[in-house]
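Novice: let me see the structure of the following:
(chains A, B and C)
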Amino acid sequence: MPELPEVEVVRSGLERHVVGRVIADVEVFHARAVRRHLAGAEHFAALLTGREIRAACRRGKYLWFPLDSGDVLLAHLGMSGQLLVLPPSAPGGPHLRARMRFADEGSELRFVDQRTFGGLDVEPLVPALNVPESVRHIARDPFDPAFDDAAFATALRRRRTGLKRALLDQTLVSGIGNIYADEALWRARLHWARPTATMTRPQIARVLAAAREVMTGALAQGGTSFDALYVDVDGESGYFDRSLEVYGRRDL
DNA sequence: CGTTCTACCTGCATGC
DNA sequence: TGCATGCAGGTAGAAC
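Specialist: Numbers count the residues shown, from 1 in each chain, chains lettered A, B, ... in the order given. So this is what the prediction gives:
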(Lines give C-alpha, C1' and ligand atoms only; values in the text may rest on other atoms or scores of the structure.)
Protein backbone atom coordinates (compact mmCIF):
# COMPACT_ATOMS: atom_id res chain seq x y z
CA MET A 1 0.00 0.00 0.00
CA PRO A 2 1.36 3.38 -0.82
CA GLU A 3 2.57 5.24 2.23
CA LEU A 4 4.99 8.15 2.34
CA PRO A 5 8.04 6.44 0.76
CA GLU A 6 6.01 4.95 -2.08
CA VAL A 7 4.23 8.22 -2.75
CA GLU A 8 7.54 10.06 -2.72
CA VAL A 9 8.97 7.63 -5.28
CA VAL A 10 5.98 8.42 -7.48
CA ARG A 11 6.40 12.16 -6.92
CA SER A 12 10.04 12.18 -7.91
CA GLY A 13 9.32 10.00 -10.92
CA LEU A 14 6.63 12.37 -12.12
CA GLU A 15 8.86 15.35 -11.44
CA ARG A 16 11.27 13.87 -13.94
CA HIS A 17 8.69 12.71 -16.47
CA VAL A 18 5.79 15.18 -16.62
CA VAL A 19 6.88 18.54 -15.20
CA GLY A 20 7.20 21.11 -17.97
CA ARG A 21 4.83 19.25 -20.29
CA VAL A 22 1.52 20.51 -21.67
CA ILE A 23 -1.57 18.34 -21.31
CA ALA A 24 -3.26 17.88 -24.65
CA ASP A 25 -6.02 15.42 -23.91
CA VAL A 26 -7.68 13.86 -20.87
CA GLU A 27 -9.84 10.74 -20.79
CA VAL A 28 -11.67 9.51 -17.69
CA PHE A 29 -12.75 5.88 -17.91
CA HIS A 30 -14.27 5.48 -14.47
CA ALA A 31 -16.30 8.22 -12.77
CA ARG A 32 -15.19 7.10 -9.32
CA ALA A 33 -11.62 8.10 -10.13
CA VAL A 34 -12.70 11.76 -10.18
CA ARG A 35 -15.40 11.60 -7.50
CA ARG A 36 -13.58 14.30 -5.51
CA HIS A 37 -14.07 16.58 -8.49
CA LEU A 38 -17.66 17.49 -7.79
CA ALA A 39 -18.21 19.31 -11.08
CA GLY A 40 -17.71 16.03 -12.94
CA ALA A 41 -15.32 14.34 -15.33
CA GLU A 42 -15.89 16.70 -18.26
CA HIS A 43 -15.13 19.74 -16.15
CA PHE A 44 -12.09 17.96 -14.75
CA ALA A 45 -10.80 17.32 -18.25
CA ALA A 46 -11.54 20.87 -19.37
CA LEU A 47 -9.51 22.38 -16.53
CA LEU A 48 -6.50 20.26 -17.47
CA THR A 49 -6.53 20.46 -21.23
CA GLY A 50 -3.96 22.92 -22.55
CA ARG A 51 -2.36 23.39 -19.13
CA GLU A 52 1.33 23.01 -18.38
CA ILE A 53 2.39 21.01 -15.33
CA ARG A 54 4.77 23.20 -13.34
CA ALA A 55 5.88 21.05 -10.40
CA ALA A 56 5.34 17.83 -8.44
CA CYS A 57 4.55 18.27 -4.74
CA ARG A 58 3.69 16.02 -1.83
CA ARG A 59 2.54 16.17 1.75
CA GLY A 60 2.07 12.87 3.52
CA LYS A 61 0.34 10.60 1.03
CA TYR A 62 -1.15 13.40 -1.04
CA LEU A 63 0.36 14.46 -4.35
CA TRP A 64 -0.37 17.60 -6.28
CA PHE A 65 0.83 19.16 -9.48
CA PRO A 66 0.60 22.94 -9.83
CA LEU A 67 -0.58 24.04 -13.26
CA ASP A 68 0.06 27.22 -15.21
CA SER A 69 -3.60 28.12 -14.60
CA GLY A 70 -3.00 28.48 -10.85
CA ASP A 71 -5.01 25.37 -10.04
CA VAL A 72 -3.44 22.05 -9.14
CA LEU A 73 -4.02 18.49 -10.26
CA LEU A 74 -4.48 16.62 -6.98
CA ALA A 75 -3.91 12.87 -6.65
CA HIS A 76 -4.33 10.39 -3.86
CA LEU A 77 -3.37 6.78 -4.56
CA GLY A 78 -5.66 5.33 -1.93
CA MET A 79 -4.77 1.70 -1.42
CA SER A 80 -3.98 0.53 -4.88
CA GLY A 81 -3.55 3.58 -7.10
CA GLN A 82 -0.68 3.93 -9.53
CA LEU A 83 0.44 6.85 -11.65
CA LEU A 84 2.28 5.36 -14.59
CA VAL A 85 4.23 7.06 -17.35
CA LEU A 86 4.02 4.81 -20.38
CA PRO A 87 4.28 4.97 -24.15
CA PRO A 88 0.87 5.68 -25.70
CA SER A 89 1.08 2.29 -27.36
CA ALA A 90 1.32 0.39 -24.06
CA PRO A 91 -1.74 -1.82 -23.47
CA GLY A 92 -4.23 -0.63 -20.87
CA GLY A 93 -5.41 -3.14 -18.27
CA PRO A 94 -8.85 -3.52 -16.71
CA HIS A 95 -8.07 -1.03 -13.92
CA LEU A 96 -7.11 1.89 -16.14
CA ARG A 97 -9.19 4.79 -14.73
CA ALA A 98 -7.85 7.86 -16.54
CA ARG A 99 -5.29 8.86 -19.11
CA MET A 100 -3.59 12.10 -20.05
CA ARG A 101 -1.80 12.67 -23.31
CA PHE A 102 0.70 15.48 -23.78
CA ALA A 103 1.17 18.01 -26.55
CA ASP A 104 4.68 16.68 -27.26
CA GLU A 105 3.12 13.32 -28.18
CA GLY A 106 5.63 11.51 -25.98
CA SER A 107 4.86 9.23 -23.04
CA GLU A 108 1.42 9.55 -21.43
CA LEU A 109 0.30 9.60 -17.82
CA ARG A 110 -2.10 6.89 -16.65
CA PHE A 111 -4.02 6.50 -13.43
CA VAL A 112 -4.54 2.82 -12.70
CA ASP A 113 -6.41 1.75 -9.57
CA GLN A 114 -7.75 -1.69 -8.78
CA ARG A 115 -9.70 -0.93 -5.62
CA THR A 116 -10.80 2.58 -6.62
CA PHE A 117 -10.05 4.19 -3.28
CA GLY A 118 -7.68 6.59 -4.99
CA GLY A 119 -8.71 9.59 -6.99
CA LEU A 120 -7.86 12.73 -8.92
CA ASP A 121 -9.29 16.21 -9.02
CA VAL A 122 -8.44 19.75 -10.03
CA GLU A 123 -8.72 22.38 -7.32
CA PRO A 124 -7.25 25.70 -6.25
CA LEU A 125 -4.31 26.28 -3.94
CA VAL A 126 -5.07 27.91 -0.61
CA PRO A 127 -2.99 31.08 -1.12
CA ALA A 128 -1.76 31.63 2.43
CA LEU A 129 -0.85 27.99 3.01
CA ASN A 130 0.41 27.08 -0.45
CA VAL A 131 -1.32 23.70 -0.30
CA PRO A 132 -4.47 22.52 -2.09
CA GLU A 133 -7.83 22.80 -0.39
CA SER A 134 -7.95 19.02 0.16
CA VAL A 135 -4.58 19.03 1.92
CA ARG A 136 -5.42 21.77 4.42
CA HIS A 137 -6.24 19.35 7.18
CA ILE A 138 -3.22 17.11 6.61
CA ALA A 139 -0.33 17.55 9.05
CA ARG A 140 3.22 17.98 7.83
CA ASP A 141 5.12 14.73 7.45
CA PRO A 142 8.27 13.83 9.41
CA PHE A 143 10.52 14.72 6.47
CA ASP A 144 9.05 18.18 6.02
CA PRO A 145 11.73 20.71 7.06
CA ALA A 146 9.00 22.60 8.92
CA PHE A 147 7.87 19.54 10.89
CA ASP A 148 8.07 20.53 14.55
CA ASP A 149 9.13 17.59 16.74
CA ALA A 150 8.41 19.38 20.00
CA ALA A 151 4.96 20.50 18.87
CA PHE A 152 4.24 16.95 17.73
CA ALA A 153 5.17 15.61 21.16
CA THR A 154 2.89 18.12 22.83
CA ALA A 155 -0.01 17.34 20.52
CA LEU A 156 0.51 13.59 20.87
CA ARG A 157 0.43 13.75 24.67
CA ARG A 158 -2.81 15.69 24.51
CA ARG A 159 -4.51 12.89 22.65
CA ARG A 160 -6.66 10.34 24.45
CA THR A 161 -6.00 7.35 22.25
CA GLY A 162 -3.53 4.55 21.53
CA LEU A 163 -0.10 5.17 20.03
CA LYS A 164 -0.63 3.32 16.75
CA ARG A 165 -3.97 5.00 16.17
CA ALA A 166 -2.25 8.35 16.68
CA LEU A 167 0.55 7.51 14.25
CA LEU A 168 -2.08 6.71 11.63
CA ASP A 169 -3.93 9.99 12.22
CA GLN A 170 -2.94 12.13 9.25
CA THR A 171 -3.98 15.31 11.04
CA LEU A 172 -1.29 14.68 13.68
CA VAL A 173 1.56 13.45 11.51
CA SER A 174 1.14 12.48 7.88
CA GLY A 175 2.58 9.83 5.61
CA ILE A 176 2.55 6.92 8.07
CA GLY A 177 0.23 4.01 7.24
CA ASN A 178 -0.33 0.59 8.72
CA ILE A 179 2.95 -0.91 7.52
CA TYR A 180 5.34 1.78 8.69
CA ALA A 181 3.39 2.30 11.91
CA ASP A 182 3.95 -1.36 12.80
CA GLU A 183 7.63 -1.16 11.85
CA ALA A 184 8.21 2.05 13.78
CA LEU A 185 6.52 0.66 16.90
CA TRP A 186 8.57 -2.51 16.70
CA ARG A 187 11.86 -0.69 16.26
CA ALA A 188 11.04 1.74 19.08
CA ARG A 189 9.91 -1.15 21.30
CA LEU A 190 6.63 0.55 22.13
CA HIS A 191 3.23 -1.11 22.33
CA TRP A 192 0.60 -0.19 19.74
CA ALA A 193 -2.03 0.41 22.42
CA ARG A 194 0.18 2.53 24.64
CA PRO A 195 -1.95 5.50 25.77
CA THR A 196 -0.49 8.55 24.07
CA ALA A 197 -1.09 10.67 27.15
CA THR A 198 1.44 8.59 29.10
CA MET A 199 4.20 8.80 26.51
CA THR A 200 7.40 10.46 27.70
CA ARG A 201 9.20 12.90 25.46
CA PRO A 202 12.15 10.52 24.97
CA GLN A 203 9.74 7.77 23.94
CA ILE A 204 8.07 10.09 21.46
CA ALA A 205 11.47 11.03 20.06
CA ARG A 206 12.26 7.32 19.78
CA VAL A 207 9.15 6.37 17.83
CA LEU A 208 9.53 9.39 15.56
CA ALA A 209 13.16 8.51 14.88
CA ALA A 210 12.13 4.91 14.18
CA ALA A 211 9.47 6.06 11.73
CA ARG A 212 11.99 8.26 9.94
CA GLU A 213 14.53 5.45 9.83
CA VAL A 214 12.23 2.83 8.41
CA MET A 215 10.77 5.19 5.83
CA THR A 216 14.21 6.44 4.84
CA GLY A 217 15.27 2.85 4.30
CA ALA A 218 12.19 2.18 2.21
CA LEU A 219 12.76 5.28 0.14
CA ALA A 220 16.33 4.27 -0.57
CA GLN A 221 15.05 1.01 -1.99
CA GLY A 222 12.29 2.52 -4.05
CA GLY A 223 9.37 1.75 -1.75
CA THR A 224 7.68 -1.34 -0.37
CA SER A 225 5.75 -3.75 -2.52
CA PHE A 226 3.95 -6.96 -1.63
CA ASP A 227 1.76 -7.79 -4.51
CA ALA A 228 2.51 -5.53 -7.46
CA LEU A 229 -0.31 -3.18 -6.47
CA TYR A 230 2.30 -0.54 -5.87
CA VAL A 231 4.75 0.27 -8.62
CA ASP A 232 6.57 3.45 -9.50
CA VAL A 233 5.94 5.45 -12.63
CA ASP A 234 7.99 3.13 -14.79
CA GLY A 235 6.10 0.09 -13.57
CA GLU A 236 8.91 -1.26 -11.36
CA SER A 237 8.09 -2.61 -7.90
CA GLY A 238 10.13 -1.69 -4.87
CA TYR A 239 12.01 -4.28 -2.88
CA PHE A 240 11.70 -3.00 0.64
CA ASP A 241 9.45 -5.86 1.76
CA ARG A 242 12.63 -7.90 2.20
CA SER A 243 13.60 -5.53 4.99
CA LEU A 244 10.36 -5.44 6.96
CA GLU A 245 10.64 -7.05 10.34
CA VAL A 246 7.11 -7.28 11.60
CA TYR A 247 4.45 -6.31 9.12
CA GLY A 248 2.41 -9.30 8.01
CA ARG A 249 3.89 -11.63 10.60
CA ARG A 250 1.47 -13.15 13.06
CA ASP A 251 4.05 -15.06 15.06
CA LEU A 252 5.37 -12.05 16.95
C1' DC B 1 -14.30 20.04 20.03
C1' DG B 2 -11.94 15.09 20.01
C1' DT B 3 -12.52 10.30 19.17
C1' DT B 4 -14.45 6.21 17.11
C1' DC B 5 -17.15 3.91 13.66
C1' DT B 6 -18.60 2.95 9.01
C1' DA B 7 -18.89 3.04 4.01
C1' DC B 8 -16.47 2.87 0.06
C1' DC B 9 -14.37 -1.27 -3.43
C1' DT B 10 -12.07 -5.28 -5.44
C1' DG B 11 -9.50 -9.53 -5.53
C1' DC B 12 -7.86 -13.06 -3.04
C1' DA B 13 -8.17 -16.60 0.68
C1' DT B 14 -10.94 -19.44 3.31
C1' DG B 15 -15.04 -22.32 4.49
C1' DC B 16 -18.85 -25.18 3.32
C1' DT C 1 -16.50 -27.18 -8.43
C1' DG C 2 -19.03 -23.39 -7.08
C1' DC C 3 -20.84 -20.24 -4.00
C1' DA C 4 -20.79 -17.45 0.18
C1' DT C 5 -18.21 -15.08 3.47
C1' DG C 6 -14.31 -12.51 5.35
C1' DC C 7 -10.51 -9.63 5.02
C1' DA C 8 -7.38 -5.92 3.70
C1' DG C 9 -6.41 -1.02 3.48
C1' DG C 10 -6.74 5.02 3.65
C1' DT C 11 -9.91 8.43 3.88
C1' DA C 12 -14.06 11.24 4.62
C1' DG C 13 -17.88 11.97 6.88
C1' DA C 14 -21.17 10.37 10.21
C1' DA C 15 -21.98 9.22 14.80
C1' DC C 16 -21.01 9.47 19.41
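
Novice: my guess is A:N178 meets A:K61, correct?
Specialist: No: counting by Cβ atoms under 8 Å, A:K61 is not a contact partner of A:N178; they are 11.9 Å apart. No exception for glycine: its C-beta is placed from N, CA and C like everyone else's.

Novice: neighbour count: the two, which is higher?
Specialist: Legend: neighbour count by other Cβ atoms under 10 Å for A:N178 and A:K61, higher for A:K61 (24 against 13).

Novice: for that one, which non-adjacent residue is closest in space?
Specialist: A:V7 (5.0 Å; Cβ to Cβ, 6 or more residues apart in numbering).

Novice: and that neighbour, how far from DNA strand C?
Specialist: 9 Å (Cβ to the nearest atom of the strand, to the nearest Å).

Novice: does that residue sit in a helix or strand, and which one?
Specialist: helix A:4-17 (DSSP states H and E).

Novice: what's that helix packed up against?
Specialist: Contact analysis of helix A:4-17 by 3 or more Cβ pairs under 8 Å, 6 or more residues apart in numbering; DSSP states H and E lists strand A:57-59, strand A:62-66, strand A:81-86, helix A:201-220 as its packing neighbours.

Novice: the first one - what's its average pLDDT?
Specialist: For strand A:57-59, mean pLDDT is 96.

Novice: need the residues that contact it.
Specialist: Identification of contacts with strand A:57-59 by Cβ atoms under 8 Å, 6 or more residues apart in numbering yields A:7-8, A:11, A:63-66, A:72, A:131, A:135, A:138, A:140-141, A:144, A:174.

Novice: and the helices and strands packed on helix A:4-17 as JSON lines, adding mean neighbour count and distance to A:D121?
Specialist: Formatted as JSON lines, the helices and strands packed on helix A:4-17 follow (neighbours: other Cβ atoms under 10 Å; distance: least, Cβ to Cβ, whole Å):
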{"stretch": "strand A:57-59", "mean neighbour count": "21", "distance to A:D121": "15"}
{"stretch": "strand A:62-66", "mean neighbour count": "24", "distance to A:D121": "10"}
{"stretch": "strand A:81-86", "mean neighbour count": "23", "distance to A:D121": "13"}
{"stretch": "helix A:201-220", "mean neighbour count": "18", "distance to A:D121": "26"}
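
Novice: wait, which of these is closest to DNA strand B?
Specialist: With Cβ to the nearest atom of the strand as the measure, strand A:81-86 is the member of these nearest DNA strand B (11.9 Å).

Novice: each with direction, which strands does the closest one pair with?
Specialist: Paired neighbours of strand A:81-86 in the sheet (DSSP bridges): strand A:108-113 (antiparallel).

Novice: following element in sequence after the partner strand, please.
Specialist: Per DSSP H and E, the first helix or strand lying C-terminal to strand A:108-113 is strand A:119-126.

Novice: buried stuff in that following strand?
Specialist: Across strand A:119-126, burial judged by 16 or more other Cβ atoms under 10 Å covers A:119-123, A:125.

Novice: in the stretch 101-250 of chain A, what residue is nearest DNA strand C?
Specialist: Counting by Cβ to the nearest atom of the strand, the stretch 101-250 of chain A gets nearest DNA strand C through A:G177, at 2.4 Å.

Novice: name the nearest residue to that residue, sequence neighbours excluded.
Specialist: A:E3 (3.8 Å).

Novice: quick check: the one you found touching A:D182?
Specialist: No: using Cβ under 8 Å as the test, A:E3 is too far from A:D182 to be in contact (11.0 Å).

Novice: show me which pair in the buried residues of strand A:119-126 is furthest apart.
Specialist: A:G119 and A:L125 (18.2 Å; Cβ to Cβ).

Novice: returning to that earlier point: I'd like the next helix or strand past the helix holding A:V7.
Specialist: Next in sequence after helix A:4-17, counting helices and strands by DSSP H and E, comes strand A:23-28.
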